[in-house]
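Peer 1: heads up, no residue letters with this:
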């Protein structure tokens, strides 16, 4: 089994990094290595894998403690403590009652765990009731999809190994256009085998959308940050932004627009899985203040400062 990579090193952050620091590091690296920007696809996949684990509190705790976020690779055990039999069965007054209650229920053919036991069957005398059919265990699988696959829809092939069977099975999964993070697809009868003639369990596939360097999703709406200059925010401007469907849209930034103002482009979000139409593209304006200015820019700002009577601090 291949060793799990150092996800903190992959993103270039310390193990004490906050969720916000991890997000910023991923976005910066993703812009550089995204295949659409001419980056290395393998490196981009490594970044996605690292961010998927470190951005999820539960997975990050598992990774920090065991060196892996895969629960199937974590050693299981009793934990080394002593076990009280009365505690296992619930103790007096709780769960299954005392040992005397358990033995009494066994004499009447009742299982301590809520099932029916027939001691004639167990002893080979025959004539007992047949065991009840039981449905097989459901299986849960997480399927990673890219932002574009979830937005436009896609077909993915998933290979699963079902407990109780020796072979693997490959299934074709149709991801609907507009699929959301955490959406669930059910394949009936593709889970664990049933018992005593019971039906097989189901296979439940949960979609996990990989992070995108520009877009995030909120239902059918697509969110993105758009930087504008101080002059564009103050005087107003018309800016062109890339929409997630691959087109370019022109957005009017009104004069006097403040930082973090949200502008909407109707119908440019993701398709709605249930219902007609699409969500909106919601743009958050980020006013960029220049760190350095040439002489002309500096003179213009000085003239503005001298001419303004605005009191931006009202306390």
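Peer 2: Ah, there it is. Bear in mind the structure is a predicted one, so any value in this text is a computation, not a measurement.
Peer 1: so how far is the helix or strand hosting residue 30 off the chain centroid?
Peer 2: Assigned by DSSP states H and E, residue 30 belongs to helix 19-33. Its chain's C-alpha centre and that of helix 19-33 lie 17 Å apart, by CA atoms, centre = their mean, to the nearest Å.
Peer 1: buried ones in it?
Peer 2: Neighbour-count burial for helix 19-33, counted by 16 or more other CB atoms under 10 Å, picks out 22-23, 25-27, 29-30, 33. For every residue, glycine as well, the C-beta is placed using N, CA and C.
Peer 1: do stretch 209-224 as well
Peer 2: 209-215, 217, 220-224.
Peer 1: Looking at those residues, which is nearest residue 200?
Peer 2: Of all the buried residues of stretch 209-224, the one with the least separation from residue 200 (CB to CB) is residue 209, at 29.1 Å.
Peer 1: Isn't that closest one up against residue 150?
Peer 2: Yes. Residue 209 lies in contact with residue 150 (CB atoms under 8 Å); the separation is 4.8 Å.
Peer 1: between these two, what contacts are shared?
Peer 2: Common contact partners of residue 209 and residue 150 (CB atoms under 8 Å, 6 or more residues apart in numbering): 179-181, 217.
Peer 1: Which residue comes closest to residue 13 once chain neighbours are left out?
Peer 2: Distances taken as CB to CB, 6 or more residues apart in numbering place residue 25 nearest to residue 13, at 5.0 Å, with adjacent residues excluded.
Peer 1: Tell me the spacing between that neighbour and residue 54.
Peer 2: Distance from residue 25 to residue 54, counting by CB to CB, to the nearest Å: 9 Å.
Peer 1: Residue 156 too?
Peer 2: In terms of CB to CB, residue 156 sits 24 Å off from residue 54.
Peer 1: which of those two has more neighbours?
Peer 2: Remark: of residue 156 and residue 54, residue 54 carries more neighbours, 25 against 15, as counted by other CB atoms under 10 Å.
Peer 1: can you give me the strands in this structure?
Peer 2: For the chain, the strands defined by DSSP state E occupy 139-145, 154-161, 168-175, 184-187, 203-209, 215-218, 221-229, 237-242, 248-253, 262-265, 281-288.
Peer 1: Give me the distance from the fourth one to the chain's centre.
Peer 2: Taking the mean of its C-alpha atoms, strand 184-187 sits 16 Å from the chain's own mean (CA atoms, centre = their mean).
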